[in-house]
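Chemist: Sequence and predicted structure, then a few things I'm wondering about:
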Amino acid sequence: RKPQEEIAEVPQEVKLKAAMVTDVGGLGDESFNDAAYKGLKEAEEKLGFEITVVESKKMDDYEPNLRSLGDQGTDISWAVGFLLTDALDTVAPEYPDLKFGLIDSVVEQPNVASATFKEEEGSFLLGVIAAKMTKTGTVGFVGGMEVPVIEHFDAGFHAGVLSANPDVKVLRGYTGKFDDPAKGKEVALAQFNQGADIIFHASGACGLGVIEAAKEQGEGFWAMGVDSCQHHLAPDNVMSCMMKRVDVAVFEVTKRVQDGTFEPKHYIFGLAEDGVGTCGRTSEHVPEEVLEEVEKYREMIVNGEIVVPASFAELETFTPPSV
Amino acid sequence: METGNLADVTIYIALVVSTLRMATPLILAGLGGVFSERSGVVNIALEGIMLISAFMGMLISYYTEAPWLGVLSAVASGVLVALILAVACVRYKSNQVVVGTAINIFSLGFTGFMLRKVFEHAGQSPPVTKVADWTIPLIHKIPVIGPMIGKHTPFVYIAIVAAVISNHVLFETKLGLRIRAVGEHPKAAETVGVDVFAIRYLCVLLSGALAGLAGASLSLGFLSQFRENMTGGRGFIALAAMIFGKWTPYGTLGACILFGFADALQILSQTLGLTFIPRDFLLMAPYILTMAALAGVIGRSVPPAASGVPYERQK
Amino acid sequence: MLNKAKGIPVVEMHDITVKFPGVIANDNVSIDLYPGEVLALLGENGAGKTTLMNVLYGLYRPDEGEIRIRGETAYISNPNDAIRLGIGMVHQHFMLIPPFTVAENIVLGVEPVNSYGRLDMDKAVRDVEELSNQYGLIVDPHAKIEDISVGMQQRVEILKALYRGADVLILDEPTAVLTPQEVDELAEIMRSLVDQGKSIIFITHKLQEVIAISDRVTVLKQGKCVGTKETQNTTVEELAQMMVGREVVLSVEKQEAKVGETVLRVDNLHAKGPRNLPALRGVSFHVNAGEIVGIAGVEGNGQKELVETLTGLRKATSGHIYVDGIDIVNSQPRTLIEQGVAHIPEDRQNRGLILDFTVAENFIMRNYYKPPFARGINLDYGTIHTHAKQLISEFDIRTPHENVPVRSLSGGNQQKVIVARELSSEPRLLVASQPTRGLDVGAIEFVHKRLVEQRDKGKAILLISLELDEIMSLSDRILVIYEGQIVGEMTAREATERELGLLMAGGRSKQGLDAERSAVNVQHR
Amino acid sequence: MSSTGKDLEQPRSKMLYISREQRIELLIPVVAVFLALLLGALLVIFIGQSPIKAYSALLKGAFGSKRDIAETLINVTPLIFTGLSVAFSFKCGLFNIGAEGQFIMGQIVAAWIGFQITGLPTVIHMPLAFLLGALAGGLWAALPGYLKAKLGVHEVINTIMMNYIALYFSHYLLMAALKEPGQIPQTPAVAATARLWRILPGTRLHFGLILALGAVCLVYYLLFKTTLGYEIRAVGLNPHAARYSGINVSRDIIIAMTISGALSGAAGAVQILGVQFRFLDLFGFVGYGFDGIAVALLGRNHPFGVLAAATLFGTLARGAVTMQSMAKIPKQIIGIIQATIVLIVAADEILRRLMKPKETEIQGSQDAGEVELGGDR
Ligand SMILES: Nc1ncnc2c1ncn2[C@@H]1O[C@H](COP(=O)(O)OP(=O)(O)OP(=O)(O)O)[C@@H](O)[C@H]1O
Ligand SMILES: Nc1ncnc2c1ncn2[C@@H]1O[C@H](COP(=O)(O)OP(=O)(O)OP(=O)(O)O)[C@@H](O)[C@H]1O
Ligand SMILES: [Mg+2]
Ligand SMILES: [Mg+2]
């Protein structure tokens, strides 16, 4: 294994290696694994990294998968997803000369950079849009499984709706899975049926079904995507998406390995850092005045006037700000 | 969150509609199971056949933009995969559960592999054209009933009709009599000149065709794309429903509808904000309900006597 | 009914050879069958009778040989060919589908359909009724096979063949499971069939029946044809000699019973049978040490339920069963085994044996958990094998060694495994149900000897058999069971076949029985 | 069993004699693996990669170093348990599709005992957590066993249903009671005293492997050398005859399901106590249970067969990792290879026919075969 300085000296001959280990969701999860892959891809195209993806089949694959990358002298290996926290904590010290990155969780090691996201802040903005845009006075949220990360989305969205219009009703449903689009569709249809016209989802691939449901219901029914921009799946029925820029985090940190400016830091990506937010195509369906309103909330969050609840407990005590 | 109005009739309409939708792939696959097992071949491969068919259906619809062509090829690929089962188990007398398990493992690998190969993308295919919903003339205008059964993806109607036809074939035609005879006592059937092998081939292939339809109903009926492992265990649930339904088409239909209903109820309860039950228990409800129904009401179910037993000609 | 060879034979089988791995089941066998005659096929277990008939029916394809039907060479490669040639077969093990109705079983394969292609069961039922009246074969077309008596199943099998237009009928051991009355009926049926121009090949182990029913008899031994005789010109003794190749003692020789104390006492026993109907209605009797008590009766009069209740396999609804004075009613089978109750079950393949276990493992089925076969939770395979070898030689069981699965033994030898196991357990009481069903004369002789031997050792033996001969020759006392009640008791010496037969039929005349049967038939219209 | 019979039939000199039949029997899995790898190679070529590179990555990944071998064995360990589990139920005539759910229950209970209790010495804490995990799996299977035995409800339905219930129930337990504070849905780590010993320095290889091998022997002993095993096999082959023999069939069905479930639960327990050290929320089935079905069937439901099949499956699974990372081969190819092996072994009749010379030749060639083999030794 070559020490890092050596590599930095000969960037042209020896390609730097970047790699990622997925969690059990694997590629195609329509969530952080895909987003991380996008960032990695960008590093390949723009920075000339040689990239590898190792998909984990089972929980106990995390450690050997990370090691297998370490053994090949991968300059930076990404552990994607909080499920890999323990594994990375164990493996990183074994390869002190190599760098590691972690998504959605934190490991404190001298060669690990961690990136977490304030999903609730981005979700808040979507809640605002939904509350402003609903014609029926009812909006919905579809989650995958009830775990803390999904709670961020749920609570943030709810708080956004409450802030923009406390009279709007929020329906809530969980699929119990992350990979069954048919289930997602069914939950979404139930909410549409109960009067919702806009549904925000944070349910991985189940969300494909949520979007399908909106598409099938036709004009006036909307889905809101998550993690990456999902407009292309149903351009006329996806109102906005909660962007979680895992790709940016991966790309930026990977770039720092090339630059030699890598720091074993905990990066927190919120609205302020542009790590979360609404997607670029939001303006296609959302009128200017609503976007202006959203922008106001964004600023209040960025400068700390609003502290967005990230859990149901915090949501309980959350008082909507007066704009 | 306030609770929805339980007096509202739309809730019940939604419940019926949702039940039918969720029961449909189960019914189709379950009927496939009925035919196969009635002829004496355990088809544990329903899950795998569904998955491969869902993929092939999507693929053909993707290339031709003709969704019904996709459905047709889903059925054809279902038959083709079932042919593996038939050749291995009917002709070469392999253990049916083993071959079925192999097909299930294969289907996951194969569809995942092909997805990446064809679309260079993991997880799911791009959206494809799906089959359009059918509106039943007149009926869809009737109040309450209309919204319940008047407009659905064609697979819903196909599934119900398939159950009726299956029941007719199995219990009111001579083919059905022979199928049941072969599943109960193949040697006796052979002594009266029934071709045991032909019947078993036919039934296993038919089972593949029905499971193929079930797969197509997922990727071209309810959704318009393929997603890795999108069957999500429905093949196994269908198998359970078939046993629950005592190996009869109507029994299976009923069991699938019960299962779909429990699931629809579960989703509706969430939507209505009935949160006094922990959500995880709501999610478990369909499974618990099935077990309770079996233990409390249905009880013993006896499979066709020769189910799972390869038939050997003497000499 | 002396049908001398007339015209060309309807069936000629020439030099048929059938080889199975390791066995030549038929070795250049030739038989012929003339129109309107009954040909009996005789031979020990495994002599090749069934194989030869399976060849004729297209189930097996012979390695060599030729078949002619009505003078023309025929290639019969499956049952359809045989059916087309007018050959019908009633198999040794019935080929009926238990959950199907009688009518469904009969029409299977040649089902009537109506103009919409729909199965026409009404027509099927009508056809069956018509046919059943024409030949006097009374069946209930709507009854399920699993609910009807073996005798009726037999008639269904014959109707199946006739429905397909058979004029050559193969009956493989049709009488093995019938009561004397039913055998008589069958003989009558056969005669009327022959009168209507049918020809019959009839396989049996019962020499009396050969003499009574057949015109000619062909004897097979170890796959070879030993000879053919005009029935007129032969005797039971000669046939037995031809079959077995030695002199056979056809009657049971036994000493006067030395009766000891009461071992089994049954007191007012009630139990339910199929479809939860009462099957035993107050049965009381006793069996003493050193005697054989036979229970005679027509099948389905509660024998099965009685045996099952006595051996713990069925719950009694009321009453008592005392073994050596201890009330063991409704005890678990294990408790009864511990009490010294041995049981030779009638259904050897489904109950008496685990076909995929080895011979050695089958020998310990009922006491595997006790020393010397088990030490703690461990099985002692050394002892188990020694034990098996000993029984194999003692009971002359034909098997390569004790480690082959029982499945690969012939039916007769399978039965011997059971007999050996049950007798070697040194029981107080032996419940023997149909102990010789389907066995050849040699094997029957053997089993009978063993039963008498046990009696003389002071065991109590309860014998349940549908064969009056067996009951009369083995028992010291005879009980008659009818509709779940003991309707008669007598010593073997005072018993006559006529009297027993009358009691078995409920004390009513034969006409009365027939009337009842047709009443059953009418009920279902 | 009957194999002992074959041995007796052929008293031979000291040379290890293998009959032609037995040789075909042994050859079939080898041929199956070969053909499956061939198919895999074709697929690799199909996606434009080098099969040589792929398979050398597989081999290196599975056996390349001490650590690789250890990782392979870590993969094998739970498969041995779940394979035994399914095989055991089969021996009693039951089809336990519920290994997956029992595995989950074993995991969560082992994790719970592992972190909840502290201050116990290892010799008590470790076996306690392991055994209670196994027990949890056993009880999870006992219910379908009970329903089968007492009410006649088909075990296949109930075990399928209970897989899903286990999935949601484990989630519920985790969230409601067992979750460690923080953002990650997981239990606290199990105490050091509950962890299985590492048995190969420098690797993760843990004592679970020894336990699994122990389980193979135990199941073999139980099935073939004890009265309980005799009973269970009797019930599996012919329940009517078993009842006639005085065997309490209902009881044996419940016992067999419980033991089967306990083996799957043990698989879950060793994964927690030896590898993961905590229960992490499952977002779907892990797959060891379903793989266990294939392993059991591939191993012909015999404990030693299960051991061999688990080794094969575990090796392939481990190799899949390095094939991905070193040769960029998608993991799905391994699934296809595994399925092909199972299929070919199941459809062995086809191979048998191809491999058997015409009947007339058998006699002559058999002797020749013996000499050949004898000469080798
Ligand atoms: N399918 C078969 N495979 C191998 N051997 C067979 C098969 N069928 C019959 N045999 C053998 O052929 C021989 C003749 O059997 P067959 O059934 O014809 O006897 P059988 O005369 O009908 O005897 P039984 O009086 O017991 O009915 C026996 O040795 C038997 O073991
Ligand atoms: N598939 C088979 N392989 C080997 N032998 C067989 C096979 N099928 C039947 N046999 C043998 O054929 C013989 C006769 O079979 P059959 O089924 O007629 O038995 P059975 O009539 O019950 O015997 P028995 O008349 O002695 O009571 C037996 O010896 C049996 O072992
Ligand atoms: Mg015979
Ligand atoms: Mg016989």
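Modeler: Received it, and whenever you're ready, just let me know what you need. Everything numeric here is computed off the predicted structure, so don't read it as measured data. Residues are numbered from 1 along each chain as shown, chains lettered A, B, ... in the order given. Ligands and ions are numbered 1, 2, ... in the order given.

Chemist: Could you list the residues of the stretch 51-200 of chain B in contact with chain C?
Modeler: B:168, B:172-174, B:176-178, B:180-181, B:184-185, B:187-194 (C-beta under 8 Å from any C-beta of the partner chain). Backbone N, C-alpha and C define where each C-beta goes, glycine included.

Chemist: Drop the exposed ones from those and show what's left.
Modeler: For those, a burial check counting by 16 or more other C-beta atoms under 10 Å in any protein chain shown picks out B:172-174, B:176-178, B:180-181, B:184-185, B:187-194.

Chemist: A:Gln217: what's its closest spatial neighbour, skipping adjacent residues?
Modeler: In space, and not counting its chain neighbours, A:Gln217 is closest to A:Phe192: 5.5 Å by C-beta to C-beta, 6 or more residues apart in numbering or on different chains.

Chemist: for D:Lys150, same thing?
Modeler: Using C-beta to C-beta, 6+ apart and skipping the chain neighbours, the partner closest in space to D:Lys150 is D:Ser250 (6.4 Å).

Chemist: Let me know the pLDDT of that neighbour.
Modeler: pLDDT, D:Ser250: 95.

Chemist: Tell me which other helices or strands the strand or helix carrying it touches.
Modeler: Taking DSSP states H and E as the criterion, D:Ser250 maps to helix D:249-270. Under the contact criterion of 3 or more C-beta pairs under 8 Å, 6 or more residues apart in numbering or on different chains; DSSP states H and E, helix D:249-270 touches helix D:66-91, helix D:99-116, helix D:122-146, helix D:208-225, helix D:227-237, helix D:239-244, helix D:288-298.

Chemist: Quick one: check the last one for contact with chain B.
Modeler: Yes - residues of helix D:288-298 are located near chain B by C-beta under 8 Å from any C-beta, namely D:Phe290, D:Ile293, D:Ala294, D:Leu297, D:Leu298.

Chemist: coming back round to it: thinking the residue nearest to D:Lys150 is in contact with D:Ala149, fair?
Modeler: Yes - because the distance of 3.7 Å satisfies C-beta atoms under 8 Å, D:Ser250 is recorded as touching D:Ala149.

Chemist: Looks to me like A:Val170 is in a helix.
Modeler: No - A:Val170 sits outside any helix when classified using DSSP: H, G, I helix; E, B strand; the rest coil, being strand.

Chemist: Just give the number of residues close to the residue of the stretch 1-150 of chain A found nearest ligand 1.
Modeler: Using C-beta to the nearest ligand atom, the single residue of the stretch 1-150 of chain A nearest to ligand 1 is A:Lys57, 47.3 Å away. A:Lys57 is flanked by 20 other residues according to other C-beta atoms under 10 Å in any protein chain shown.

Chemist: quick one: pLDDT of C:Lys4?
Modeler: pLDDT recorded at C:Lys4 is 48.

Chemist: now C:Ile211
Modeler: Confidence at C:Ile211, expressed as pLDDT, is 89.

Chemist: For it, give me its contacts.
Modeler: Taking C-beta atoms under 8 Å, 6 or more residues apart in numbering or on different chains, we find C:Ile211 in contact with C:Thr231, C:Thr234, C:Thr235, C:Val236.

Chemist: Kindly report the same for C:Tyr368.
Modeler: C:Ala374, C:Leu379, D:Thr227, D:Tyr230, D:Glu231, D:Ser245.

Chemist: Burial check on the last one, number of neighbours?
Modeler: In this case it means D:Ser245. Residue neighbour count, defined by other C-beta under 10 Å, stands at 26 for D:Ser245.

Chemist: Tell me who's in contact with it.
Modeler: By C-beta under 8 Å, 6+ apart, the contact set of D:Ser245 is C:Pro333, C:Met365, C:Arg366, C:Tyr368, D:Ala234.

Chemist: how about the helix or strand bottoming out on mean pLDDT in chain B, does it get close to chain A?
Modeler: Counting by mean pLDDT, DSSP states H and E, the weakest-scoring helix or strand in chain B turns out to be helix B:145-149, with a mean of 81. No - figure legend: helix B:145-149 not in contact with chain A (C-beta under 8 Å from any C-beta); closest approach 10.1 Å.

Chemist: buried residues in that helix?
Modeler: By neighbour count on 16+ other C-beta under 10 Å, the buried set for helix B:145-149 is B:Gly146, B:Pro147, B:Met148, B:Ile149.

Chemist: Surely the third one and B:Ala14 touch.
Modeler: By that I understand B:Met148. No - with contact defined as C-beta under 8 Å, B:Met148 does not reach B:Ala14; the gap is 9.1 Å.

Chemist: circling back: okay, and which of the buried ones among the residues of the stretch 51-200 of chain B next to chain C map to helices?
Modeler: If you go by DSSP state H, those have B:172, B:174, B:176-178, B:180-181, B:184, B:187-191 in helices.

Chemist: pLDDT score for the closest residue to D:Gly319 other than its chain neighbours?
Modeler: With C-beta to C-beta, 6+ apart as the criterion, D:Gly319 has its nearest non-adjacent residue at 3.4 Å, and that residue is D:Leu58. pLDDT, D:Leu58: 89.

Chemist: can you count the residues close to A:Pro110?
Modeler: Around A:Pro110 sit 9 other residues, with neighbours defined as other C-beta under 10 Å.

Chemist: That one: what's its closest spatial neighbour, skipping adjacent residues?
Modeler: The spatially closest residue to A:Pro110, leaving aside those adjacent along the chain, is A:Pro264, at 5.2 Å (C-beta to C-beta, 6+ apart).

Chemist: Assign the one you found to helix, strand or coil.
Modeler: With three-state DSSP as the basis, A:Pro264 sits in coil.

Chemist: Now do the same contact list for it.
Modeler: A:Pro264 sits next to A:Glu108, A:Gln109, A:Pro110, A:Asn111, A:Val112, A:Ala113 when contact means C-beta under 8 Å, 6+ apart.

Chemist: ok, how many other residues are close to the fifth one?
Modeler: When neighbours are counted by other C-beta under 10 Å, A:Val112 registers 22.

Chemist: what's it sitting at in phi/psi?
Modeler: Torsion angles at A:Val112 (phi, psi; degrees, to the nearest 10) stand at phi -120, psi 130.

Chemist: quick one: it from chain B, how far?
Modeler: In this structure, A:Val112 and chain B are 26 Å apart, going by C-beta to the nearest C-beta, to the nearest Å.

Chemist: residues of the longest helix seen in chain B that come out buried?
Modeler: For chain B, the helix with the greatest residue count under DSSP H is helix B:9-38. For helix B:9-38, the neighbour count (16+ other C-beta under 10 Å) marks B:11, B:13-38 as buried.

Chemist: same check, this time on stretch C:391-409
Modeler: By neighbour count on 16+ other C-beta under 10 Å, the buried set for stretch C:391-409 is C:Leu391, C:Ile392, C:Phe395, C:Ile397, C:Thr399, C:His401, C:Glu402, C:Asn403, C:Val404, C:Pro405, C:Val406, C:Leu409.

Chemist: Tell me if it is near chain D.
Modeler: Yes - Stretch C:391-409 lies within reach of chain D by C-beta under 8 Å from any C-beta, at C:Pro400, C:His401, C:Asn403, C:Val404, C:Pro405.
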